[in-house]
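Student: okay, predicted coordinates and the sequence, questions at the end:
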Amino acid sequence: MRLWTVLLVLFIAGCSSTSSTQGSNSSVTQPVQVDAASDKSDTMTYRGLAAALYPKTLETVGVFKVKATGDIKGRVFLNTEYDYRDPRNITVVIPPKLAAEFEQKHKTSPKTYFLNKQIFVKGELAQVKIWFGFNGKRSSKYYYQTHMRIASLNDIRLVSKDESS
């Protein structure tokens, strides 16, 4: 039964994202065209898929609205919900090296550039265990986040609505 659930989620995620991809050589400033019917991906589908595959990961694509951002030690986080702990949240993770490369190229941080915008992301979908801490020590309590990790600046682009629909 679990296998059927994973296959169904893969099918749904694949159907919702195949029409919005362009070549991987596109730069971050070239928007991806998305029709009005599929203006963003269902984050709960991605969360369910990541949970079903845990601890394994999957390379996939999605279209998300960035509602909040953050960073820790140069790593940038783009969140689909205002509260990054919300179970509906997908966190797009930009590693420090790529964040610095982005900032040098665009003269602004990815946090500022992508905030309140819709993005197309190609990345590694993973469920990540986040441990709570107290006084600098890890507690026995944790929760899960769903991350999409990008490997290149070509893996993230702005999305624009298709005006011809």
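Tutor: That came through fine.

Student: so which strand or helix has the residue minimising distance to the centre of the chain?
Tutor: Nearest residue to the geometric centre of the chain (CA atoms, centre = their mean): V92, 3.4 Å. According to DSSP states H and E, V92 maps onto strand 90-94.

Student: how about that strand as PDB, C-alpha atoms only?
Tutor: In PDB, the C-alpha atoms belonging to strand 90-94 read as follows (Å, rounded to 0.1, in the frame of the first residue of the first chain):
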ATOM      1  CA  ILE A  90       8.800  23.400   2.100                       C
ATOM      2  CA  THR A  91      12.200  24.900   2.700                       C
ATOM      3  CA  VAL A  92      14.400  25.600  -0.400                       C
ATOM      4  CA  VAL A  93      18.000  25.400   0.800                       C
ATOM      5  CA  ILE A  94      20.700  27.400  -0.900                       C
END
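
Student: give the next helix or strand downstream of that strand.
Tutor: The helix or strand immediately downstream of strand 90-94 is helix 96-106, counting by DSSP H and E.

Student: how about that next one: buried residues?
Tutor: By 16 or more other CB atoms under 10 Å, the buried positions in helix 96-106 come out as L98, A99, F102, E103. Placement of C-beta: from N, CA and C, glycine included.

Student: of those, closest to Y84?
Tutor: Distance to Y84 across these (CB to CB) is lowest for A99, with 16.9 Å.

Student: now the strands for this structure?
Tutor: Secondary structure of the chain (DSSP state E): strands at 32-34, 58-65, 68-72, 75-79, 90-94, 118-134, 137-149, 156-161.

Student: make JSON lines out of those strands and add mean pLDDT.
Tutor: Converted to JSON lines, the strands of the chain look like this (pLDDT from 0 to 100):
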{"stretch": "strand 32-34", "mean pLDDT": "43"}
{"stretch": "strand 58-65", "mean pLDDT": "95"}
{"stretch": "strand 68-72", "mean pLDDT": "97"}
{"stretch": "strand 75-79", "mean pLDDT": "98"}
{"stretch": "strand 90-94", "mean pLDDT": "98"}
{"stretch": "strand 118-134", "mean pLDDT": "95"}
{"stretch": "strand 137-149", "mean pLDDT": "95"}
{"stretch": "strand 156-161", "mean pLDDT": "86"}
